[in-house]
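Engineer: next input, structure requested:
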Amino acid sequence: MLVFVDESGDAGLKLCSGSSSHFIVSLVIFDDHEEAQRADNHVATLRRQLRLRPDFEFHFHKLSSDRRKAFYEGMVQFNFRYVCIAVNKAELFGPGFKYPQTFYKYACKLVCNNAKNYLKEAKVIIDGSGSRNFKRQLATYLKANTNDESVIYKRIRDVRMQAAHKSNLLQLADMVAGAVARSYKDKPDRDLYRQLIRRKEVGVQLWPFAKGKF
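Structural biologist: Numbers count the residues shown, from 1 in each chain. Model (predicted):
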């Protein structure tokens, strides 16, 4: 099992000074490695069809509406599913949310917990760089908070971080996060993109329902 994790928005809390209203973390799940490879190959095909550079990175906020739609319509044929957490930052309080890395780790934990029933011996690939120490902390943190003794297998086997421009399927996770993020904005196309991939959606949680402290 392969799982790709990316985000939309930022971890900042200065909502009146340009920070995003929501922080979205998407988790895209492929049960089958061969299907993941087929999907990966098709992202390269889409670049050719859309007359983009071979190294072009699909990123929701860099694309026109037509190219977004072409991407979603091209990718829904593949067998994957996604789970997202949408953190409503206006409802947060507590010192823990003031630290971006801590906030990020916590949001990743939330989405992995929501996806527990779909995870089995998963290799998790997360968009990002950062220090070796942070990567190690994140891997340990997600395994400790997702794996449990109630099942005989590990829900998460491995956690790695990779730059999105080197991974077509992290770019898919970005596009999923972007579609979900857009659905929380007051824009004419707020429902358009999420509707195109709706059949792949197994769970999107708006969190918290009341003010959350961390």
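
Engineer: now the residue of the chain most remote from its centre: how far from Asp32?
Structural biologist: The C-alpha centroid of the chain is most remote from Ile152, which lies 26.8 Å away (C-alpha atoms, centre = their mean). Distance of Ile152 to Asp32, computed by C-beta to C-beta, to the nearest Å: 21 Å. Backbone N, C-alpha and C define where each C-beta goes, glycine included.

Engineer: go on, Arg160?
Structural biologist: From Arg160 across to Asp32, the span is 19 Å (C-beta to C-beta).

Engineer: cool, and Ala107?
Structural biologist: Separation of Ala107 from Asp32 (C-beta to C-beta): 27 Å.

Engineer: tell me where the model's unsure across this protein.
Structural biologist: 16, 129-130, 209-214 (pLDDT under 70).

Engineer: find the centremost residue of the chain, please.
Structural biologist: Ser26 (2.2 Å).

Engineer: excluding chain neighbours, what is closest to that residue?
Structural biologist: Ranked by C-beta to C-beta, 6 or more residues apart in numbering and with sequence neighbours excluded, the top spatial neighbour of Ser26 is Ala177, at 3.9 Å.

Engineer: quick check, the one you found in a strand?
Structural biologist: No: assigned with DSSP: H, G, I helix; E, B strand; the rest coil, Ala177 falls outside any strand and is helix.

Engineer: list the contacts for it?
Structural biologist: 6-8, 24-26, 60, 84 (C-beta atoms under 8 Å, 6 or more residues apart in numbering).

Engineer: can you rerun that using 7 Å?
Structural biologist: Contacts for Ala177 (C-beta atoms under 7 Å, 6 or more residues apart in numbering) come out as 6-8, 24-26, 84.

Engineer: these in strands, which ones?
Structural biologist: Within these, residues falling in strands by DSSP state E are 6-8, 24-26, 84.

Engineer: Lys166: which of those residues is nearest?
Structural biologist: Nearest to Lys166 among the ones in strands among the contacts of Ala177: Asp6, at 12.9 Å, using C-beta to C-beta.

Engineer: any idea how far the top helix by length along the chain is from the middle of the chain?
Structural biologist: Secondary structure of the chain per DSSP state H: the longest helix is helix 33-49. Its chain's C-alpha centre and that of helix 33-49 lie 18 Å apart, by C-alpha atoms, centre = their mean, to the nearest Å.

Engineer: helices and strands around that helix, which ones?
Structural biologist: helix 65-75, helix 168-182 (3 or more C-beta pairs under 7 Å, 6 or more residues apart in numbering; DSSP states H and E).
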